[in-house]
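**Q** I need the structure of the sequence given here:
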Amino acid sequence: MAGKISTGGGGKRGRADVTADPNVIPFIDVMLVLLIIFMIAAPISSVDIQVDMPSAKIEPSKRPPRPTWVSVNQTSDGGVQVFVMNDAVSIEELGERTYEAVKVNSPSIANDDFEIRDQRIYIRADSTLPYRNVVRVMNRLQDKGFTKIGLVAEDRRR
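**A** Reported below is the predicted structural model:
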């Protein structure tokens, strides 16, 4: 709405009432002009010069291995449940099952024992679990040769 003039009689003869409605016509005009400018300038920005580019002889980078997760939960009777990926394992066979999971998650390094043990293992632990149980899991993994162990926490910034 461009403007509003009162037609009724009031105490103010000959004066128009002031309105608080914003005048959007200039805004629309500016937007249409900018649209036309961008429509004209967009095809100009493309490059028409032909360049003979050299071919690249770079080998693609290796895909990073899938992360291996060890989850530790506390049972209702106070015991400890350990999972490697989604499989429940006992604490005694944790190292061997983690080793097998890393081999499955990283098929490109499945034959190199050093590379397998060099992969990072992520531990997720229940918040009610005593810390000594998390340390037991870490010790079992270190006994098998895994030294890169990361503890995962929940991101509560949201």
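**Q** For the rest of this, base every contact and every neighbour count on C-alpha atoms.
**A** Will do.
**Q** average model confidence for the longest helix belonging to the chain?
**A** Criterion DSSP state H: the longest helix present in the chain is helix 25-44. Computed over helix 25-44, the mean pLDDT rounds to 90.
**Q** Just name whatever secondary elements that helix is in contact with.
**A** Helices and strands touching helix 25-44, by 3 or more Cα pairs under 8 Å, 6 or more residues apart in numbering; DSSP states H and E: there are none.
**Q** after that helix, next one along is what?
**A** Using DSSP states H and E, the helix or strand that follows helix 25-44 towards the C-terminus is strand 68-74.
**Q** Check which residues of that following strand are buried.
**A** Within strand 68-74, the residues that count as buried by 16 or more other Cα atoms under 10 Å are Thr68, Trp69, Val70, Ser71, Val72, Asn73, Gln74.
**Q** go on, stretch 149-158?
**A** Ile149.
**Q** Which residues does the helix or strand of the chain with the lowest mean pLDDT contact?
**A** Least confident helix or strand of the chain, by mean pLDDT, DSSP states H and E, is helix 113-117 with a mean of 84. Under the criterion Cα atoms under 8 Å, 6 or more residues apart in numbering, residues Tyr99, Val102, Lys103, Ser106, Ile109, Ala110, Gly145, Phe146, Thr147 lie in contact with helix 113-117.
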